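Trainee: Sharing a model that was predicted from the sequence below.
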Number of protein chains: 2
Amino acid sequence: MSLNDIQDRLFRQARSHNGWHPEPVPDARLRELYELMIWGPTSVNCSPARVVFVRTPEAKARLKDALSPGNVDKAMAAPVVAILAYDTRFYEELPRLFPHNPAVKTWFEGEAKQGFAETTALRNASLQGGYFILAARLLGLDCGPMSGFDAGKLDAAFFAGSSLKSNFLCALGYGDPSKLFARSPRLAFDEACTLA
Amino acid sequence: MSLNDIQDRLFRQARSHNGWHPEPVPDARLRELYELMIWGPTSVNCSPARVVFVRTPEAKARLKDALSPGNVDKAMAAPVVAILAYDTRFYEELPRLFPHNPAVKTWFEGEAKQGFAETTALRNASLQGGYFILAARLLGLDCGPMSGFDAGKLDAAFFAGSSLKSNFLCALGYGDPSKLFARSPRLAFDEACTLA
């Protein structure tokens, strides 16, 4: 595959899908996706992202109640909907994840540091969300990321009694190009970037 | 290039660099990087990320004062340090960026929605940060992402009087593998993922 083909597959030709072919995604492929995306960098290797791969009818029914009306049909039609979440107590794993300096755990512990821990979790779990989407595309899967859901309901349905919080959703499967919207524009380099 | 080679380049073999070869990164390459990463998806195409590419001695001196001590030498040695920022008033561009529904701007406008707008900006600018890092690697650049800096100082030095806020930094160039730390471990699939 040429470098140009890969750029097209990951970025230029890739689209957020709304319609899905019924072809299932094997669990082995989801494992392969995780085992690829996890190598992307996070601050002090904090790796706060956690993923629930929703693919059974029972789990989809639980998910459905939390979705915005406009996301129900497309989410239910997708073979898999991943709940990209994060662990608000991610720092408890740091002595193992960042062996260079086991004391980094203390940067995030305690009431006074809760805001910093929360921002760190959201920033780094979202970075990992970017890795997840591009790793999925690299493996030949199409993505349909979604932010339209009731986080309170979703967290109650999937994460009650745990330290996990939902971040965003991402449908996974083989997209139906006939259901795509027209491509939206992007900001030009000079609108978004400065050379200093 | 095989799919396996690309997986290695973007994920498995890629490392966060601490030492840099002096070889410069041409501005044309930075433009190419932006024009690739910008196609990654964001919620309602909100595209909140803004980037300052710091590469002149004058701009590096301004940056230096905001860095944590441990990041000074490596940031100053890198040919470019990108400030990955976001526009807290990103929603003003939505009528243009999301022509399907120009009313989405109102989801974020006004005092009462400021928290939601801020979370949306941080989540989506960080997703775009993930696209940025992987696009850079795809183009043959090495990355050195950094969160260790004083955001108040940095924002005062680069974004005073604007609606922009810094998110994280990313050194760009050609890394010196002799300065790498040992690779840190990652959570296993069954620790971070659930099949539901």
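Mentor: Good, I have the coordinates.
Trainee: In three-state terms, how would A:Glu191 be classified?
Mentor: At A:Glu191, secondary structure determined by DSSP: H, G, I helix; E, B strand; the rest coil is helix.
Trainee: That one: neighbouring residues, count only.
Mentor: When neighbours are counted by other C-beta atoms under 10 Å in any protein chain shown, A:Glu191 registers 10. Yep, even glycine has a C-beta here, placed from its N, CA and C like the rest.
Trainee: residues in contact with A:Ala14?
Mentor: The contact partners of A:Ala14, taken as C-beta atoms under 8 Å, 6 or more residues apart in numbering or on different chains, are A:Asp8, A:Arg137, A:Asp142, A:Cys143, B:Trp39.
Trainee: Now it: which helix or strand?
Mentor: Using DSSP states H and E, A:Ala14 falls within no helix or strand.
Trainee: can you give me the offset of the lengthiest strand in chain A from its chain's centre?
Mentor: Longest strand of chain A, by residue count under DSSP state E: strand A:164-173. Taking C-alpha atoms, centre = their mean, to the nearest Å, the mean C-alpha location of strand A:164-173 is offset from the chain mean by 5 Å.
Trainee: Can you tell me the strand partners of that strand and which way each runs?
Mentor: strand A:80-87 (antiparallel), strand A:142-146 (antiparallel) (DSSP bridges).
Trainee: Please report the distance of the closest residue to chain B within chain A from B:Pro145.
Mentor: Proximity of chain A to chain B (C-beta to the nearest C-beta) peaks at A:Gly130, 2.0 Å away. The span separating A:Gly130 from B:Pro145 equals 12 Å under the rule C-beta to C-beta, to the nearest Å.
Trainee: just to revisit the earlier point, what about the contacts of A:Ala14, which one has the most neighbours?
Mentor: Ranked by the number of neighbours (other C-beta under 10 Å), the contacts of A:Ala14 place A:Cys143 first, at 23 neighbours.
Trainee: these two touch, right, that residue and A:Ser16?
Mentor: Yes - using C-beta atoms under 8 Å, A:Cys143 makes contact with A:Ser16 at a distance of 6.6 Å.
Trainee: Give me the common contacts of these two.
Mentor: Jointly contacting A:Cys143 and A:Ser16 under the rule C-beta under 8 Å, 6+ apart are B:Pro41.
Trainee: So what does A:Thr194 look like in phi/psi?
Mentor: For A:Thr194, the backbone dihedrals (degrees, to the nearest 10) come out as phi -130, psi 140.
Trainee: count of neighbours near it?
Mentor: 16.
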